[in-house]
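Student: Fold the following, please.
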Amino acid sequence: PTLVTAGTQNFCLVDAPTFASVQFNETNIVWYTASIGGTAIPSTTVLTSGTYFAALKDATTTCESSQRLSVTISVTDPATPTLVTAGTQNFCLVDA
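Tutor: Numbering: from 1, shown residues only. Coordinates of the predicted model:
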């Protein structure tokens with residue numbers, strides 16, 4: 001499989017991303033927890049930060065690619081923003 005973007009893909013926790021959210025140029029991606037062997041991960045599983053391995057499954061033969069692509073996933077949950085100073089902030093129109 002070929003990623004649409006380079007090795008690491010970033011997601012926001014608020015968007016509830018799943019393994020189906022990861023962008024590839026191909027379809028029929030099968031996810032695993034290891035580069036060889038490991039446990040298959042359903043595409044509906046919620047993403048968490050970590051490294052996972054993708055194989056391409058041929059739709060006709062149902063055979064999987066002999067090599068798996070390592071994909072690093074980053075799921076972030078930014079904190080609530082805080083004001084530098086409390087309360088009201090004032091600006092002058094002339095400062096645009």
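
Student: Okay, buried residues for the helix-or-strand element of the chain with minimal mean pLDDT please.
Tutor: Least confident helix or strand, the chain: strand 8-12 with a mean of 87, by mean pLDDT, DSSP states H and E. Buried residues in strand 8-12, counted by 16 or more other C-beta atoms under 10 Å: 9, 11. Quick note: C-beta positions are derived from backbone N, CA and C, even for glycine.

Student: ok now that strand, how far from the chain's centre?
Tutor: When C-alpha coordinates are averaged (C-alpha atoms, centre = their mean, to the nearest Å), strand 8-12 and its chain have centres 4 Å apart.

Student: Okay, strands next: where are they in this protein?
Tutor: Secondary structure of the chain by DSSP state E: the strands cover 8-12, 29-32, 40-41, 50-56, 69-76.

Student: Show me the shaky parts of the chain.
Tutor: Scanning the chain for pLDDT under 70 picks out 1-7, 86.

Student: So for stretch 18-29, first residue to last residue, what's the gap.
Tutor: End-to-end distance for stretch 18-29: 13 Å, by C-alpha to C-alpha, to the nearest Å.

Student: Provide the contact partners of that stretch at residue level.
Tutor: Stretch 18-29 is touched from outside by 1-5, 9, 11, 15, 31, 41-47, 52, 54-59, 71, 73, with contacts defined as C-beta atoms under 8 Å, 6 or more residues apart in numbering.

Student: Buried ones among those?
Tutor: Judged by 16+ other C-beta under 10 Å, buried ones among the contacts of stretch 18-29: 1, 3, 9, 11, 31, 41, 47, 52, 54-56, 71, 73.

Student: Of those residues, just say which sits nearest to Glu64.
Tutor: Using C-beta to C-beta, Ala55 is the member of these that sits closest to Glu64, with 4.4 Å.

Student: so who does the closest one touch?
Tutor: 1, 29-32, 64-65, 67-69 are the contacts of Ala55 under C-beta under 8 Å, 6+ apart.

Student: ok, 6 Å please
Tutor: 30, 64-65, 68 (C-beta atoms under 6 Å, 6 or more residues apart in numbering).
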